[in-house]
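I'd like to go over a predicted model; first the sequence, then the structure.
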There are 2 protein chains.
Amino acid sequence: MTIFSNAMKAASPFKTNGIRLASYLSKALTVKQFGNPLDSLSLESSTIKCTEPSQVVVHMLYSPINPADINTIQGVYAVKPQIPFVCGNEGIGRVVESCKSDSKLKKGDLVVPRKNALGTWRDYVVASEDDWLKVPSDLSPVTLATLMVNPGTAYRMLTDFVDLKPGSVVIQNGGNSAVGQSVIQLCKHWGVKTVSIVRNREGIKELKKILQEMGADHVLTDEELKSTEVFKSKEIPAPSLALNCVGGRNALELIKTMGENSTMVTYGGMSKQPLTVPTAALIFKDITLKGFWMTRWNWLHDKDGQREHLVNELCSLAKQGVLQSPPHTLVHIDSWITAIEGATDSRGLVGTKYILSFEA
Amino acid sequence: MTIFSNAMKAASPFKTNGIRLASYLSKALTVKQFGNPLDSLSLESSTIKCTEPSQVVVHMLYSPINPADINTIQGVYAVKPQIPFVCGNEGIGRVVESCKSDSKLKKGDLVVPRKNALGTWRDYVVASEDDWLKVPSDLSPVTLATLMVNPGTAYRMLTDFVDLKPGSVVIQNGGNSAVGQSVIQLCKHWGVKTVSIVRNREGIKELKKILQEMGADHVLTDEELKSTEVFKSKEIPAPSLALNCVGGRNALELIKTMGENSTMVTYGGMSKQPLTVPTAALIFKDITLKGFWMTRWNWLHDKDGQREHLVNELCSLAKQGVLQSPPHTLVHIDSWITAIEGATDSRGLVGTKYILSFEA
């Protein structure tokens, strides 16, 4: 039991109209220096409580480990928080205390972070009520924990760059990534054809079957892409959108398949190799190259209602069964080393998303 | 004298309302097989005349040799005409005969090709009046001969991709190319700052001086770009537009200087190396990569009035002295070997544009 008795509370720092505020013993995965995650992270405990009337106390339920979190710990991500900081960008929590009586968020509400780099890898978070977005309570918490970053990225990339219609073709590498799976699910729902490129691996047949059952039209390994006849034979039209999270030679193979006046959106660089773009593709095929970063999108659309709209859309798609939770492994915060080891496994896409759990 | 007497004319193939049509002995630089220009080109003579009432006969005055012409002869350009064909995409000519009395074009009108791959490397051209655009007669023919392709490309790239304002910065490689010089001239006129990258060469000081007198703000060699402080010191803002005709490592150096949410437009690949694009530039700096091809633009805007508008704009800018003719060498069609040798000189940008002349 992590909630202290109200009697333990020190003098309130602000007027609470008689409401007595609780203190919480919170465990937080904290970064004190940038570097290798296993060396850089430590689980720190501290007592926290509201210090401003605008705040709420949220008990996190689940927080996934995303690639961007690992890069943030390594100090190589575009957002470099001031040290020390609590890691984690995504997750689902439940409001356990509103620090004023007329708060927009009430005890029991399910919330996801609105603010970037809020630090979700901890069991209790005290933050402004404006740092959270309320989400429906009739979806599974695991689904909600993983709905905003990866399915959000897939949704935006499929809607913001090219006017896709039923029958349009989207090609993507990293087809088995969390974003890749959401792309497959959304395209299936919208009648858009997908060509998903995956790395050859043990169990490739089973992986193809899983993705096909998810709605994938064509699943090809890197090698199969080079010799496939599906484009040459006009079995499917040339892709009007390509989604790239790999870079290097792999992205070039995608570009070769793309149609005139098409767009490639890059949202990751797993190969750590830059993109190689033939001049002729730009000039004569009129291909456009863009990047997408969910964090920037959130910054840009924080005030215009589009963030709330996206969250509602994603929840609605999850409720319809269009967006399904990725295969995942829940690991209790106390066993965080297991979770980090799994998420940074050098074999890469091992097919499960590691999610920290904060149940007592 | 190349005009045959009317008396030599054979039976007219169409009703001419009594107008008697002339025949012309035309010399044309013709490609009979793709390959090395000196081997592939030959000067062919033939007798030509109108065969349709919609046609006009144009006496070419000047036709420049552009890089795209060389690539077309080599058979490596995106447009591959059917063999045999007369080479040449650009030039200025004078109407010497309208084949019907109510033609839009009258004898004496100056015209530039509207149709792509019309074959301007010949002294007489018979083509539909719709294949030509009339241009003002108060500009020098040499200026008009070189105004549509390179200044046109510069104009469109500066206006179609980024909303440039006075004080905005454009960076370009190939700063001494025909397009590069037009970019400098137009930016100077519009109050936009330019950073032009050129290759180090003999006479680099003189070249820099010429470009600066043309209006260039910063002229840097490839090496100087790597160590320049103008961006780090905030002496000038980060470029919002980059224009690339080189590719490879050179384009990467441009990308490094570019600001957030900026655009690189590629219109050539002189290094014959593909572009190398860091993933982070796309995702975190939100850089967009596009291509530009004047021929496609002409196709797209052939019917909407924009082509005529562009021609009028370019002529107006030339009349104001904003756009100046590039340094050039006029070579008579009979000495075409000299012109081709000069234009394909392995030293590349030797600083003069070769223009074929058709004066008797």
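Nice, thanks for sending it over. Numbers count the residues shown, from 1 in each chain, chains lettered A, B, ... in the order given.

Please tell me how far residue A:226 sits from residue A:253.
Going from residue A:226 to residue A:253 by C-beta to C-beta, to the nearest Å gives 6 Å. (C-beta placed from N, C-alpha, C; glycine too.)

The two: who's more crowded?
residue A:253 (18 against 10; other C-beta atoms under 10 Å in any protein chain shown).

Double-check that the more buried one belongs to a helix.
Yes - under DSSP: H, G, I helix; E, B strand; the rest coil, residue A:253 falls within a helix.

can I assume it is in contact with residue A:223?
No - at 9.9 Å, residue A:253 does not count as touching residue A:223 under the criterion of C-beta atoms under 8 Å.

Which elements pack onto the host helix or strand of residue A:318?
Here residue A:318 sits within helix A:306-319, counting by DSSP states H and E. Under the contact criterion of 3 or more C-beta pairs under 8 Å, 6 or more residues apart in numbering or on different chains; DSSP states H and E, helix A:306-319 touches strand A:132-135, helix A:141-145, helix A:150-160.

now the last one against helix A:306-319, angle please.
What that stands for is helix A:150-160. 110 degrees (axes from the mean of the first three to the mean of the last three C-alpha atoms, to 10 degrees).

need the next SSE after helix A:150-160, C-terminal direction.
That would be, after helix A:150-160 and using DSSP H and E, strand A:169-172.

coming back round to it: what does the helix holding residue A:318 contact?
With C-beta atoms under 8 Å, 6 or more residues apart in numbering or on different chains as the test, helix A:306-319 has contacts from A:112, A:114, A:133, A:135-136, A:138-139, A:143-144, A:147-148, A:151-152, A:155-156, A:186, A:189, A:298, A:301, A:323-324.

how far away is residue A:251 from chain B?
Distance, residue A:251 to chain B, by C-beta to the nearest C-beta, to the nearest Å: 9 Å.

just residue A:24 next, same as before
With C-beta to the nearest C-beta as the criterion, residue A:24 and chain B are 35 Å apart.

what bridges to that residue?
Taking DSSP bridges as the rule, residue A:24 bridges to residue A:3, residue A:48.

looking at it, it is touching residue A:58, isn't it?
No - the criterion here is C-beta under 8 Å, and residue A:24 misses it with residue A:58 at 10.1 Å.

what sits in contact with each of those two?
Residues touching both residue A:24 and residue A:58 by C-beta under 8 Å, 6+ apart: A:96, A:124, A:126.

so which of these is the most crowded?
residue A:124 (25 neighbours).

Check the gap between residue A:291 and chain B for me.
Between residue A:291 and chain B the distance is 3 Å, computed by C-beta to the nearest C-beta.

Without its sequence neighbours, what residue ends up closest to that residue?
In space, and not counting its chain neighbours, residue A:291 is closest to residue B:282: 3.1 Å by C-beta to C-beta, 6 or more residues apart in numbering or on different chains.

what do you get for residue A:85?
Nearest one to residue A:85, counting by C-beta to C-beta, 6+ apart, is residue A:31 at 5.6 Å.

Number of residues surrounding that neighbour?
The burial count for residue A:31: 23, using other C-beta under 10 Å.

Just list the residues touching it, thanks.
So residue A:31 contacts A:40, A:41, A:72, A:73, A:81, A:83, A:84, A:85, A:86, A:87 (C-beta under 8 Å, 6+ apart).

What is the nearest of the shared contacts of residue A:24 and residue A:58 to chain B?
Using C-beta to the nearest C-beta, residue A:126 is the member of the shared contacts of residue A:24 and residue A:58 that lies nearest chain B, at 29.8 Å.
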